[in-house]
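K.L.:
Sequence plus the predicted model coming up.
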Amino acid sequence: MDDPRITEVAGSGVPIYGDDVDTDRILPARFLKETTFENMADYLFYDARRDEDGFNDHPLNRFPDAEIAVVNENFGCGSSREHAPQAMLRWGIDGVVGESFAEIFADNCKSLGVPTATADAETVEDLQAWIEANPDGEIPIDVEAETVTYGGETVAVDIDDATREALVDGIWDTTALMRANVNRVAETAASLPYVD
Amino acid sequence: MSGGTLYDQVWERHRVTTLPNGQDQLCVGLHLVHEVTSPQAFSMLDERDLEVAFPDRTFATTDHIVPTTTDGRDRPLADDQAEEMLSALEENVDESGITFFGLDSDRQGITHVVAPELGLTQPGMTVACGDSHTATHGAFGAIGVGVGTSQIRDIFATGCIAAEKQQVRRIQVEGSLGDGVYAKDVILQIIRQLGVDGGVGHVYEYGGPAIRELDMEGRLAICNMSIEGGARAGYVNPDETTYEYLRGREYVPEGEEFEELKAYWESIKSDEDAEYDDVVTVDVDDLDPLVTWGINPGQVVELSDPVPAPGSFETETEQDAACRALDHMNLEPGDSMLGYDVDVAFLGTCTNGRVSDFRQAAAVLAGHTVADDVRALAVPGSETVRRTCEQEGIDEVFGEAGFEWRRAGCSMCLAMNDDSLVGDEVCASSSNRNFVGRQGSKEGRTVLMSPATVAAAAIEGEVADCRRFLDDSPAHTAAEDVSEVAD
C-alpha cells in the first residue's frame, strides 16, 4: 500500500442484524484450516447465508456490492480469529458502523485498517432501515471528523482515539511502530524478574 | 501510596513506552503459539524479512486440529488440511528456535492447559496467544490476552503488543459452594448476571471467599470464560494456593531461585486500598448447578428454574435473542432443562479439561453406565492430564461407564478435527461456547455445564442433577433407592 493514511471509507451498505453476532457465525471454524487468508471471503457467514435450497435472503446475499457493514451490539464476540475481519475485508467491507464491538474483533479490524465506528441504537437502526430503502446509497465514514453521512444527513459517531489516530496518520502498522523501540524493549525485558 | 490493582502493576512493569497512536507498547512475557492462527503471522514475518525476537519466551503446541484417537495421530494426518497446518507449524518453530510440544511430545495439549501445568504461566506475567481463551492464565495473577494474527506478527517481531489500558471491575464472589456446584457454575452465574457483553472495556478481577477457596484448576476455569462475558482478561490475585501449585513444576525454578521469584509474585497484587472502576458482588451461597438453555453463554438457568420467557428480558434485542435461542434449542418458555434429551456428552477443553475436572466427573460416573443412546467422549486437555488420570485409574472409570477415553486436543469444542456433532444432536458439554454451529453442525445444540453435570447427563441420557450421584449429597440415598426400584 502506497499511502497508509485512511481518512475516509465509503460505499453502499449492508445491514447485518442482531446482537452478539459471534465469530463462529461470521466464519465457521471448519474454514480455519487454511494456512493463508486468501480464500476467506468465500466463507464469510457461510452457514448463515445458506439453507437447503442454496443461498437464502441473508443481507450479504441481498447487498452483494456493499462496502460498509452496519451492525448491532457486541458484534464479533467469541474467538480471536482474525479470519473473521479478514473475510469481511476480502469480501469487500471497508468500514463497519455498529452499536458496539467485541474488543478483539475491533483490534483485528484496526490491524487491517478497517475503521469500526460506534453509534447509539437509534442511529444504527435508522441507518439499517435507510440501507434497506436505498441499497445503492453511498455511506461515507469520515474517520477524522467521526461522522457517517447518508441520505444527505451527517451524524456523529465514535471511533476510538487510538484507531482514529492510527488510521488518519497512517500508523496502524504496529509492527513498524514498535520495532522503532527495540532497545527499550530489551531494557524492559531485562528488568522482569522472570526473564533470564 | 497505593500501588493500585494487580492489573495496574503488571501493566507498569511491562510498559515499554507510549506509541504515537496513544497506545502503550507492552512486553509480552510468555507467547503461546498453536497451528491455526500462527501460519499467516509467520508468513508476514517472512515477507518483511524479520525473525522471532524472543524465541525463548515463546512456546508452541498443537491442539485445535489434532485427531484425538491414537490411530488418527499417525502421520501424515488423514485430513490433508490438518496435516498441512501441522507441518507448517513444525517448520516454522524449527526455523525460529521455538520450543514445541508437538504431536509426538508427552506434553502436547491445549495451550491453556499446557502452560499452567508446566509452570510456564506465573504470577505477574503478561501472556498472549492467538486464542481468545488466553484469559485463562489470569488465574495465576498474570494478565492473559487473546490476540489476532496481525498482533501475533507484532509479538513475533518485537516481543510486544500495542494495547490500551482498560477499566478494572472487581467481581466479589461471596459465599461458599455447595456439593455438586463448581467453578464452572460460578462463571456461568457471573456471565448470566453481567451479560455476554458486560465486560467490554473491562478486565475482571475475581476475588472474595468463594474464589479464595477454589483450587488453581477452578480458578483457571473461571478466568477462562472471562471472554464469554466480554472481558478480554480476567485474573485472581495470587496467594499460597498459587505458589504451592507452582512449586516443583517443570519450568519453575527450585530452592533459592523459587524464593526470589515468589518474592516478586508476592509484590504484585492489588493493594487493599486499590480503587476499582466498578465493583460487583455475586453471591453463590445457595447456587444450584447451572446449564445454558440458549445459544450464547449468558443464556443460563439454575437446574431448579424453568427456561425464561422472552418477555422477561428488558430490551427488545434481548427478547429477539431469546426467541432465536428457544427456536434453535426447540424449547418453550417454562420448560425445565432437567430432562432435556442429550445425544452426546463431551468432557474436556481449555475450560474443563484438567485432572480435577475428570476426577469430579469420575465421582459421578463411578458404578454407573452411559445411557444406551448417548455417545460420550472424554478428551483430556493435555497428554500430561491424560497420563495423570491414567495413573489414578480415572480412565478405567470412564471406560467402564462407556465413555471413549481419548488423546489430548480441543476436539468437539469447535470440531476442527473429526469430533463433531451431527445434524441437530444435543451435546452436554463442559466447553465454553454454545454458539450456533460451534460444535461442527449448524443445527447442533450445545448445553454448557460443569464436568460433573456432563457425567450425570451421560448416565441419564438427559440433563440431570449431578448431586444425585454424589456420595456426600443428601439427595444421593433417595436417588439410589429410586434407581434400585427402576432396575
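P.N.:
In hand now; what should we look at?

K.L.:
what does the average pLDDT come to for the top helix by length along chain A?
P.N.:
In chain A, taking DSSP state H as the definition, the longest helix is helix A:121-133. Mean pLDDT, computed over helix A:121-133, is 97.

K.L.:
Compute the distance from the centre of that helix to the centre of its chain.
P.N.:
18 Å (C-alpha atoms, centre = their mean, to the nearest Å).

K.L.:
just checking, what packs against that helix?
P.N.:
strand A:13-16, strand A:68-71, strand A:95-98, strand A:147-150 (3 or more C-beta pairs under 8 Å, 6 or more residues apart in numbering or on different chains; DSSP states H and E). (Glycine included, C-beta is placed from N, CA and C.)

K.L.:
Quick one: those as CSV, columns for mean neighbour count too.
P.N.:
Shown next, in CSV, are the helices and strands packed on helix A:121-133 (neighbours: other C-beta atoms under 10 Å in any protein chain shown):
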stretch, mean neighbour count
strand A:13-16, 26
strand A:68-71, 27
strand A:95-98, 26
strand A:147-150, 20
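
K.L.:
Columns mean pLDDT and distance to chain B on top of these, output as a markdown table?
P.N.:
Formatted as a markdown table, the helices and strands packed on helix A:121-133 follow (pLDDT from 0 to 100; distance: least, C-beta to the nearest C-beta, whole Å):
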| stretch | mean pLDDT | distance to chain B |
| --- | --- | --- |
| strand A:13-16 | 98 | 14 |
| strand A:68-71 | 98 | 12 |
| strand A:95-98 | 98 | 12 |
| strand A:147-150 | 98 | 21 |
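
K.L.:
Give me the contact list for the longest helix of chain A.
P.N.:
A:12-15, A:17, A:63, A:70-73, A:97-99, A:119, A:137, A:139, A:148, A:150-151, A:155, A:157, B:317 (C-beta atoms under 8 Å, 6 or more residues apart in numbering or on different chains).

K.L.:
redo that, cut-off 6 Å
P.N.:
A:13, A:15, A:70, A:99, A:150-151, A:155 (C-beta atoms under 6 Å, 6 or more residues apart in numbering or on different chains).

K.L.:
Return the closest of the residues you listed with respect to B:Val385.
P.N.:
Nearest to B:Val385, judged by C-beta to C-beta, of these is A:Glu99 at 40.6 Å.

K.L.:
That closest one - nearest residue in space that isn't next to it in sequence?
P.N.:
A:Glu73 (4.4 Å; C-beta to C-beta, 6 or more residues apart in numbering or on different chains).

K.L.:
contacting residues around that neighbour?
P.N.:
A:Glu73 touches A:19, A:99-100, counting by C-beta under 6 Å, 6+ apart.

K.L.:
switch the cut-off to 8 Å
P.N.:
A:19-20, A:98-100, A:121, B:197, B:317.

K.L.:
got the end-to-end distance for stretch B:31-41?
P.N.:
Start-to-end span of stretch B:31-41 (C-alpha to C-alpha, to the nearest Å) is 13 Å.

K.L.:
wait, does that stretch contact chain A?
P.N.:
Yes. Applying C-beta under 8 Å from any C-beta of the partner chain, one finds stretch B:31-41 touching chain A at B:36-37, B:39-40.

K.L.:
In helices, which of these fall?
P.N.:
Per DSSP H, the residues of stretch B:31-41 next to chain A map to helices at B:39-40.

K.L.:
Helix, strand, or coil at the residue lying closest to A:Tyr43 once chain neighbours are set aside?
P.N.:
Distances taken as C-beta to C-beta, 6+ apart place A:Phe31 nearest to A:Tyr43, at 3.9 Å, with adjacent residues excluded. Here A:Phe31 takes the helix state, with states given by DSSP: H, G, I helix; E, B strand; the rest coil.
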